[in-house]
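Visitor: Just need the structure, nothing else, for what follows:
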Amino acid sequence: MSIVETARNAVKAAAETALQNPAVQKVTGRGETESAGPVTLTIAVDVPTARAFWTDTPQLSRVLGDIASVSDDGGDVVTWTVSDGNDVAVAVETTRSADDHGVRFTRRDDSGDLAVVRFAEAPLDLGTEVTLELDLPLPDVATRIAAYKILYRARALLQTGEIPTLVPTPSARPSEK
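Guide: Numbers count the residues shown, from 1 in each chain. Just a heads-up that it's a prediction; the model follows:
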């Protein structure tokens with residue numbers, strides 16, 4: 001056996017051992033399928049304004065940007081359409097239900113909630129604590145990152161009226177070239 005094969009086998013054995021660790025399974029999404037857990041962000045608006053935002057499908061589409069779009073039938077059926085960038089779109093139909101404490105988007109095929117948004121008064125009158133829990137077919141880390149990005153963009157839109165972007169915007173000044 002060559003030294004390269006010995007090293008390859010040692011790395012493979014170490015990786016297999018690491019993947020047996022429950023903490024690693026939680027981070028990589030391997031092992032038990034469970035929710036990635038909620039993500040909470042404080043937004044400087046009152047609870048009714050935050051609740052109204054999460055029931056406004058055009059606003060949700062703005063927050064999701066080019067990743068997905070959200071539409072409703074005028075009632076409580078909400079369709080989330082996700083595009084992979086290659087003209088292949090996957091649509092998930094959900095039923096929206098809202099109460100004083102949150103908004104829930106439950107998959108219509110009875111496979112559970114797609115998203116649960118909860119609201120609570122933030123301490124010291126700082127606004128509203130918005131908690132988002134997603135159930136996506138992604139590793140836990142990616143699901144939590146997606147939840148944070150959605151909340152971050154929603155907070156920006158609610159507080160400033162704009163969504164942060166890295167896309168170049170035209171300037172009103174003439175070029176110095």
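Visitor: Find me the pLDDT at residue 81, would you?
Guide: Per-residue confidence (pLDDT) for residue 81: 88.
Visitor: before we move on, what about residue 59?
Guide: On pLDDT, residue 59 comes in at 93.
Visitor: Just confirm it contacts residue 51, I think it does.
Guide: No - with contacts counted by CB atoms under 8 Å, residue 59 stays clear of residue 51, the gap being 12.0 Å. All C-beta atoms are positioned from the backbone trio N, CA, C, and that covers glycine.
Visitor: quick one, which of these two is more surrounded?
Guide: Shown here are residue 59 and residue 51; by other CB atoms under 10 Å, residue 51 has more neighbours (21 against 16).
Visitor: Report how many residues lie close to the nearest residue to the more buried one once chain neighbours are set aside.
Guide: In space, and not counting its chain neighbours, residue 51 is closest to residue 119: 6.0 Å by CB to CB, 6 or more residues apart in numbering. Residues lying near residue 119 (other CB under 10 Å) number 22.
Visitor: Kindly report the same for the one 5 residues further on.
Guide: Taking other CB under 10 Å as the criterion, the count of residues near residue 124 is 6.
Visitor: Let me know the secondary structure of it.
Guide: helix (DSSP: H, G, I helix; E, B strand; the rest coil).
Visitor: follow-up on the earlier one: who is the residue nearest to residue 51 paired with across the strands?
Guide: Residue 119 forms beta bridges with residue 130, as assigned by DSSP bridges.
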